[in-house]
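Trainee: Pasted the sequence and its predicted model underneath.
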Amino acid sequence: MARTGEAGKKGPKVRSDCWVGVELTGNDGLQIEMQSKVAGMFGPRIREQIAAGCAALGVANAKVEVIDRGALPFTLAARLECAVRRAGHEPAGEYLLPMSGHCNYHSAADRLRRSRLYLPGNEPKFYINAGLHEPDGLILDLEDSVSPAEKDAARCLVRNALRAVNFYGAERMVRINQGEQGLEDLDWIIPHNTHLVLIPKVEDPEQVLAVAGRITEIQKAHDLDRPVYLMPIIESALGAWKAFEIAASHPTVVSLAIGLEDYTADIGAQRTLEGTESFWARSQVLNGAKAARVQPIDTVFSDVTDMEGLRRSVLEAKSLGFAGKGCIHPRQIAVVHEAFAPEGAEIDRAKKIVLAFEKAEADGLGVVSLGSKMIDAPVVKRAQTTIQMALLVGKLPEAWRDEDSGEKPGARKNGKYVEK
Amino acid sequence: MTQQKLVQNAAGRMVPVEINGTEAIAYQGVGKYRPTGRKAAPPIRSCADYPEDGDKRVDSIRQALVNAGLRDGMTISTHHHLRNGDYVANAVFAAAAELGVRDLRWFPSASFPTHEPQIQHMENGVIHHIEGSMNGPLGDYCTRGKMRGMAVLRSHGGRYQAIQDGEVHVDIAVIAAPTADPFGNATGDRGPTACGLLGFALADSEYADHVIAVTDNLVPFPCIPWQIQGNNVDQVVVMDSIGDASQIVSGTTQITKSPDRLLIAELTARFCDEAGIVQDGFSFQAGAGGTALSFALFLRDMMRERNIKARFVRGGSTQYLVDMLEEGLTDYILDGQTFDLEGVRSMRENAGHRNTSPFTSYNWHGKGNFASMLDAVVLGATEVDVDFNANVVTHSDGRLLHGIGGWQNCLASKCTILPIPSFRDRIPVVVDEVTTLCGPGELIDVVITERGIAINPLRRDLLETLRGSSLPIRSIEEIKNEVEDICGGAADKPELGQKVVAAIKWVDGTVIDSVRQVGE
């Protein structure tokens, strides 16, 4: 059995992270050696945290070395736990920092999912400010952005981030790994208020059911009752073929996404800007999602410097019927939201419908009508979404019902959805 | 070492009553201290003592220093327009060391890491102490209490004021000149080591007892334009090279790629818009930091979209300000220093690109200055506290990190904005109390962080204008509390020694704070 373990990063370029080396010893108690760029400000607290962490993990005799480059407490905790585990010590108990109050909000099945920002699972420096850029969803990624050797480190870090980092109202999403590894990932994240799980490379409804089943088990064990939503990602010809079955496989599936990098590789085509090679698959995913009454979500736009290209790509996705786009850089988020926002005539019509609905409600009428036409409930719902999206990007003033308010349209604001 | 006598100033900070043997006046509050008397003046000279053919050349810096009568205890000034590429200051003190003089006071407008050799000259007694901004190795040397005298940090305007008022008497000024003629007319806007502007050397050229221009690009009389007048210059020295061009100006200045800094820059531009600052004929100043540059770009887009034109912008000129000038988005660039090659080119070519100096822009003991006329200025800071006081010279661990530059002077603007991250790694920037006070909170109107915008409660007008805004406006305490929540509590205060190693001057020459020894 290994007696030493290490985790994290060191070196002059490392920021907001640390390296922890652990050597399990016989009976010398705990020895802590620390170098930190914030030693003068937080040195004693770092030592206290290491000691508390070792106690929680059941490590009584060890040499612990910390080289800190400004890691926040949740990162320090994750690196310590990972190093202890790598030293071959199965923790006596969990070392969890308290769940912050700002991590307790909830999501909803039908919330907006226009943008979702991918965050590499093992890079703590990207976590802390990600929510400030106001994406609809933030994905803590355990899959492709994490190398096989760091999967265990990313699990510790993602779990701790879910308990500590304020994501400012963004939907709290995690992309798990494929297969059995992905099911194990769920043990680490489900008890910590994960709103939505992205399942990669889905080709069969059974994969979704396996994830949903494991989630239910974990929820039972932890006495959790909030639903955890699922977003399967279609990344192959077979997955595209079965899009509808996958989308309709389980009631917690709320969105169906397409990932084109792997899809184009799977069909043996080059990915082009025009996207002719993936048009069928995108249409298939879109129609599969719509048929199953879930949100169709488009792939990521990977050129982070081409904002005009991104805008065109979102407009095209919107014209096809997609409800969301993936982002890999925070600056893409506002562009995505702007492009998904409704246009003038669309907003005007939605205003009329919503006002008619509100009037009918106030008058106690069961039927909504606009002019001589009856309005169906789904149409009202869509109009309400249009109004919400217009409000969020500042295309409508908050007081839009009052035509004479004279208020200017507001600027962009957070699309956070907090269930009461 | 004798016990230093300290007194509490109007900001509640303990400051020395005497600096290097001269009485010092404690800070009395913004706009409170009014000096009396007459300005200093250089000695009267006669043309009879200078060559009629105007050729003031001598063979070497060493010879020029001998001719200038260099002796123990003198004050020698140099300037930082060659930045980290400067060869001249090191050459001056190498020559002084060869001549065996001791106890000099070096009075640079700023020092850079390239000036590390001066540590050796302090160790062996050639230099007694430095009065000027220090960072890198020199800042460390000073903060560790190794310098014999006390450092004095002044703003660019404060340096001009100190020379003008006679608070600092410069015996010998050595001016690095990218282009000069034998008479001593000099300019920085051309030549192999072009840097743009020589404004930092203006006061020294006017008030020093003796002025030496050092160039590597001698042109026949007249050197046109002349930023430094040859009539103020005693001697001209030609060197092979006065600096490393690659370290003087950058080829291009870089906007930030950090999404968080871009967010701060965007919030700053939106704030200026909603505060009603961005109107036809307005003015602003933004430096060369990544966030400030990005702010200028967001502002530029806003101006283009609405067809708004500025009357003038002040820089730190960069290619971005030059683009705005050439596109007609501003009538003038009033340039305080030039940061990139495009700025240098524009200074040569554009009539609307005007040179300014610490005298025109920043001197507090004058008949007004440009800084107070600006509608908005964006500045950095290492720390800001809940009273909006800001620190720009020390790191949170107490070590000297930056000079003051024009920072203090710019606080006079109509709206002073600090766009800064609320913390860096685990180091809080928004704190309870700044480590070193450089700018009084009453002059700092807005702090813009990635976690929200704090408007100084003294600016009721701004709070009123921004009421109901969709911008994330919060109290500075709320931002501070959030930062502490993220970082795991307030940072411990650094352990500082008793010895004061540097005095921080306010723009009027009074002492606003002191820096204490760290370690040892």
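Mentor: Thanks, I have it.

Trainee: Contacts only, for the closest residue to chain A within the stretch 1-150 of chain B.
Mentor: Closest residue of the stretch 1-150 of chain B to chain A, Cβ to the nearest Cβ: B:T143 (12.9 Å). All C-beta spots, glycine's among them, are computed from the backbone N, C-alpha and C. Residues near B:T143 by Cβ atoms under 8 Å, 6 or more residues apart in numbering or on different chains: B:398-400, B:501-502, B:515, B:517-519.

Trainee: which of those residues count as buried?
Mentor: B:398-400, B:501-502, B:515, B:517-518 (16 or more other Cβ atoms under 10 Å in any protein chain shown).

Trainee: Tell me the residues of the stretch 251-400 of chain A that contact chain B?
Mentor: A:329-331, A:394 (Cβ under 8 Å from any Cβ of the partner chain).

Trainee: now, which of the residues you listed lie within helices?
Mentor: A:R331 (DSSP state H).

Trainee: which one of the residues of the stretch 251-400 of chain A next to chain B sits closest to B:I212?
Mentor: Of all these, B:I212 sits closest to A:R331, with 50.5 Å by Cβ to Cβ.

Trainee: re the thing from before, where's the residue of the stretch 1-150 of chain B closest to chain A relative to B:Q120, distance?
Mentor: According to Cβ to Cβ, to the nearest Å, B:T143 and B:Q120 sit 18 Å apart.

Trainee: Give me the spatial nearest neighbour of the closest residue to chain B within the stretch 51-200 of chain A, chain neighbours excluded.
Mentor: At 2.6 Å from chain B, A:G70 is the closest residue in the stretch 51-200 of chain A, using Cβ to the nearest Cβ. The shortest distance from A:G70 to any non-neighbouring residue, by Cβ to Cβ, 6 or more residues apart in numbering or on different chains, is to B:D425 (2.6 Å).

Trainee: Next, the contact list for the one you found, please.
Mentor: A:15-16, A:37-38, A:69-70.

Trainee: How about stretch B:385-401 and chain A, any contact?
Mentor: Yes. Counting by Cβ under 8 Å from any Cβ, chain A has neighbours in stretch B:385-401: B:396-397.

Trainee: do stretch B:296-313 as well
Mentor: No. Using Cβ under 8 Å from any Cβ, stretch B:296-313 stays clear of chain A, with a minimum separation of 12.0 Å.

Trainee: list the contacts for the residue lying closest to B:I127 once chain neighbours are set aside?
Mentor: Once flanking residues are discounted, B:I127 sits nearest to B:H121: 4.4 Å by Cβ to Cβ, 6+ apart. If you count contacts by Cβ under 8 Å, 6+ apart, B:H121 has them with B:93, B:96-97, B:127.

Trainee: B:H121: which element?
Mentor: Assigned by DSSP states H and E, B:H121 falls within helix B:117-123.

Trainee: what is the mean pLDDT for that helix?
Mentor: The average pLDDT within helix B:117-123 is 97.

Trainee: Show me the contacts of B:H121 that map onto helices.
Mentor: Those of the contacts of B:H121 lying in helices (DSSP H): B:93, B:96-97.

Trainee: next SSE after the helix or strand containing A:V64?
Mentor: Assigned by DSSP H and E, A:V64 belongs to strand A:62-68. Next helix or strand after strand A:62-68 toward the C-terminus (DSSP H and E): helix A:73-86.

Trainee: Give the buried residues for that next one.
Mentor: Neighbour counts over helix A:73-86 (16+ other Cβ under 10 Å) mark A:73-86 as buried.

Trainee: biggest separation within those residues, which pair?
Mentor: Spatial extent of the buried residues of helix A:73-86 (Cβ to Cβ) is set by the pair A:P73 and A:R86 at 20.3 Å.

Trainee: What values do phi and psi take at the residue in the stretch 251-400 of chain A that chain B sits nearest to?
Mentor: Of all residues in the stretch 251-400 of chain A, A:P330 sits closest to chain B, at 3.8 Å by Cβ to the nearest Cβ. Dihedral pair for A:P330: phi -60, psi -30, per degrees, to the nearest 10.

Trainee: And A:S313, by the same measure?
Mentor: According to degrees, to the nearest 10, A:S313 has phi -60, psi -40.
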